[in-house]
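Trainee: Got a predicted structure here, sequence first:
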There are 2 protein chains.
Amino acid sequence: MRLGPPGKLRIAQVAPLSESVPPKLYGGTERVVAVLTDELVRQGHAVTLFASGDSRTTATLVPVCEKSQRLAGCVDPLSAHMLMIEQVAQRSKDFDIVHYHVAPVHFPLARRMDTAHLTTLHGRLDLPDLVPLYEEFCELPLVSISDAQRSPLPRQNWVGTVHHGFPERDFCFHPKPGAYLAFLGRISREKRVDRAIAIAKACGWPLKIAAKVDPTDVQYFKHEIAPLMDHPLIDYIGEITDAEKSAFLGNAHALLFPIDWPEPFGLVMIESLACGTPVVAYRGGSVAEVVEDGVTGFVVENMDQAIDAARRVHTLDRRACRDAFMRRFTASRMASAYVRLYRQLTSSAAGAGIVA
Amino acid sequence: MRLGPPGKLRIAQVAPLSESVPPKLYGGTERVVAVLTDELVRQGHAVTLFASGDSRTTATLVPVCEKSQRLAGCVDPLSAHMLMIEQVAQRSKDFDIVHYHVAPVHFPLARRMDTAHLTTLHGRLDLPDLVPLYEEFCELPLVSISDAQRSPLPRQNWVGTVHHGFPERDFCFHPKPGAYLAFLGRISREKRVDRAIAIAKACGWPLKIAAKVDPTDVQYFKHEIAPLMDHPLIDYIGEITDAEKSAFLGNAHALLFPIDWPEPFGLVMIESLACGTPVVAYRGGSVAEVVEDGVTGFVVENMDQAIDAARRVHTLDRRACRDAFMRRFTASRMASAYVRLYRQLTSSAAGAGIVA
């Protein structure tokens, strides 16, 4: 049944149900699953996507629930996820490999399945609650989205790091630097838009902030951030669509990414590079893996370094940023990296599951 | 291995981890699990309790996590629950029966286990999100805590209804009615304390309100309920401990339970009956199963009926309330009802699991 290396693989992609694939609005994991799924189809594989029914894909969609949970106002997200895990298990013999983008709902069942599987962990792993869980499920094949993401859980069965990727056509190269600094993402404590504002003010450069405010961050925004924005250099433009991102990032002089948490990946950094826009980022999590210090941006440790970096960032070659994206962060590179892992896992002992 | 009807059963109780067993504060499910577990031990069974490490039990405790999740400020409650499901599965051969008080985290694994099992559903079931999940898992043996609770999901494998129970020593019979009406529980929309206030005012009886306010209900309390409390008949005394309940309920003239939702059980009704205090309750969910209309209280449909009932409730025999509790709602009656189900499930085809 199983085909050799040049052959087509039968692949299940198991997505979170909180957003559609791709998401209508914000939703990093679902965006990546959408890109990966469509690219695997384009590369000739038979892909089945388990996702919410409002997803749009070139793969075969198994609609686990009618609508994505956040937009539907779902009050019990776990139910549909458990149902999905069951549906995957019942059809597991139809697949060479099952690729989970959720965790840990499938852990007990996955280790008892005969079908090869792997799980990409999309979130931060530095939570004490996770330690006993991952100690128990130490043999499950996991993929990290940056090497840094693994550090709190070094003893897992990590089968690879696969950086995220996007189709190159989604972002245009902008060879000419623009006249502003850019901040793109969420207004939340760990993203430190306050640092971005301080950097811009110190450099005397305009800063455009395109960012959503989650309900949990409304008080933080109102009381701590909004007052800082009342300045002629600072321009808050609210949330922007995916279609607007290319122009927003491409016309920027640099992206500021002054995070204060162990960023698992940081999609906006590769979006920026794809447009040719270098990144000034605080060290943390994946940052030093994504940004090549002195080539595609600067990795800094404090405000003095950040201000200095923002003043020098126009000296970097924008073409080098786009080249780095094309070499390291395209959808096809991501999909090929996963296919190598799929082949490795399907050729190693099938059915290494533990049965209680 | 398995012993016959008069023999001792090896029973696993699988509790939620959000509160300890018993809970330090509020936590209906964990209170019931505590009572059931200790009573099963008292009846001579070998009971293993999977629960948070700060639980206190006469059974053998398997501490899944160190502390109960709510008090520990756990940010990822699912992790420890998935770990617990795995621990139960690995030890399932040690038990004649596994009794789950969580759902649906164990559904996919439970249907593939050889050990007999059943699940008591402790919450409301009238949520649209639940329908596809329960359609898939239609064969799993379920227990309802009232007949009414089943109505949204009639086609499940319901093996019984077991009403909750408490040890009779936890509540003293108070033969003399007191001089106030009582409201006990949470201040939340579905509990309708506003109706209780209106009933008391209409009757001219004092109302004592012993209730907690959850963070999600603070605005509701402040803006809609607090203004109604500014009245000489209304006395808001905040949250009370389990130890204070017996006096609070026992000295009341009647308990008001004017709910506006499909109450799955309503523990406070049987606590009140245990003290000899009749209940004036709005019809809904379990109410008509717990309160014997005209004997242990009145089941009403609207405000006129409620006011009329509150005026007449002193005519009911308080001894009949305590007798109803002793006959229908003790811990030993609850445990015996479960043991009958355990024996029924262990003697019917063991290992009726479906394997994908």
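Mentor: Perfect, I can see it now.

Trainee: Dig out what A:Thr161 forms beta bridges with.
Mentor: On the basis of DSSP bridges, A:Thr161 is bridged to A:Ser144.

Trainee: In space, what's closest to A:Tyr220 - neighbours in sequence excluded?
Mentor: Nearest residue to A:Tyr220, sequence neighbours excluded (C-beta to C-beta, 6 or more residues apart in numbering or on different chains): A:Arg189, at 6.3 Å. From N, CA and C alone the C-beta is placed, and that goes for glycine too.

Trainee: dump the residue contacts of that neighbour.
Mentor: By C-beta atoms under 8 Å, 6 or more residues apart in numbering or on different chains, the contact list for A:Arg189 reads A:217, A:220, A:260.

Trainee: got it, and A:Val33?
Mentor: Contact analysis of A:Val33 by C-beta under 8 Å, 6+ apart lists A:13, A:15-16, A:21, A:49, A:51, A:101.

Trainee: got the CA coordinates for stretch A:21-30 in PDB?
Mentor: This file holds the C-alpha atoms of stretch A:21-30, laid out as PDB (Å, rounded to 0.1, in the frame of the first residue of the first chain):
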ATOM      1  CA  VAL A  21      -8.300  27.200   7.400                       C
ATOM      2  CA  PRO A  22      -7.200  29.800   6.300                       C
ATOM      3  CA  PRO A  23      -8.600  32.100   9.000                       C
ATOM      4  CA  LYS A  24     -11.000  34.900   8.200                       C
ATOM      5  CA  LEU A  25      -9.100  37.200  10.500                       C
ATOM      6  CA  TYR A  26      -6.200  36.600  12.900                       C
ATOM      7  CA  GLY A  27      -5.000  33.000  13.400                       C
ATOM      8  CA  GLY A  28      -1.400  32.100  12.800                       C
ATOM      9  CA  THR A  29      -1.700  28.400  13.100                       C
ATOM     10  CA  GLU A  30      -4.600  28.100  10.700                       C
END
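
Trainee: Check whether it comes into contact with chain B.
Mentor: No - Stretch A:21-30 lies out of reach of chain B by C-beta under 8 Å from any C-beta of the partner chain, never closer than 15.9 Å.

Trainee: one step back: what's the spacing between the residue nearest to A:Tyr220 and B:Glu239?
Mentor: 32 Å (C-beta to C-beta, to the nearest Å).

Trainee: same deal with A:Tyr180?
Mentor: Distance from A:Tyr180 to B:Glu239, by C-beta to C-beta: 54 Å.

Trainee: what do you get for A:Thr241?
Mentor: Distance of A:Thr241 to B:Glu239, given as C-beta to C-beta: 47 Å.

Trainee: For those two, indicate the residue with more neighbours.
Mentor: Neighbours per residue, other C-beta atoms under 10 Å in any protein chain shown: of A:Thr241 and B:Glu239, the larger number sits with B:Glu239, 15 against 10.

Trainee: Quick check, pLDDT for the more buried one.
Mentor: Looking at B:Glu239, its pLDDT stands at 89.

Trainee: rewinding a little: and the residue nearest to A:Tyr220, backbone torsions?
Mentor: Dihedral pair for A:Arg189: phi -50, psi -40, per degrees, to the nearest 10.

Trainee: swap in A:Arg10?
Mentor: Dihedral angles for A:Arg10 - degrees, to the nearest 10 - are phi -100, psi 110.

Trainee: Ok, A:Phe137 next?
Mentor: phi -100, psi 40.

Trainee: Verify the stated contact: it with B:Ile85.
Mentor: No - A:Phe137 is beyond contact range of B:Ile85, at 11.4 Å (criterion: C-beta atoms under 8 Å).

Trainee: So if I had to pick from those two, which one is more boxed in?
Mentor: Using other C-beta under 10 Å, the more surrounded residue of A:Phe137 and B:Ile85 is B:Ile85, with 25 against 22.

Trainee: would you say that one is within a strand?
Mentor: No - applying DSSP: H, G, I helix; E, B strand; the rest coil, one finds B:Ile85 to be helix, outside a strand.

Trainee: which one is it nearest to, not counting chain neighbours?
Mentor: Distances taken as C-beta to C-beta, 6+ apart put B:His106 closest to B:Ile85, at 4.7 Å, once the chain neighbours are dropped.

Trainee: Now do the contacts for the one you found.
Mentor: By C-beta under 8 Å, 6+ apart, the neighbours of B:His106 are B:14, B:85, B:88, B:100, B:119.

Trainee: Include secondary structure and pLDDT when you put those residues into a markdown table, please.
Mentor: Shown next, in a markdown table, are these (DSSP: H, G, I helix; E, B strand; the rest coil; pLDDT from 0 to 100):
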| residue | secondary structure | pLDDT |
| --- | --- | --- |
| B:Val14 | strand | 98 |
| B:Ile85 | helix | 98 |
| B:Val88 | helix | 98 |
| B:Tyr100 | strand | 98 |
| B:Thr119 | strand | 98 |
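
Trainee: Any buried residues in stretch A:26-36, and which?
Mentor: Buried residues in stretch A:26-36, counted by 16 or more other C-beta atoms under 10 Å in any protein chain shown: A:27-36.

Trainee: Among the contacts of A:Val33, which pair sits farthest apart?
Mentor: A:Pro16 and A:Leu49 (11.9 Å; C-beta to C-beta).

Trainee: Compare the two and say which is more crowded by neighbours.
Mentor: The neighbour comparison of A:Pro16 against A:Leu49 (other C-beta under 10 Å) goes to A:Leu49, with 27 against 24.
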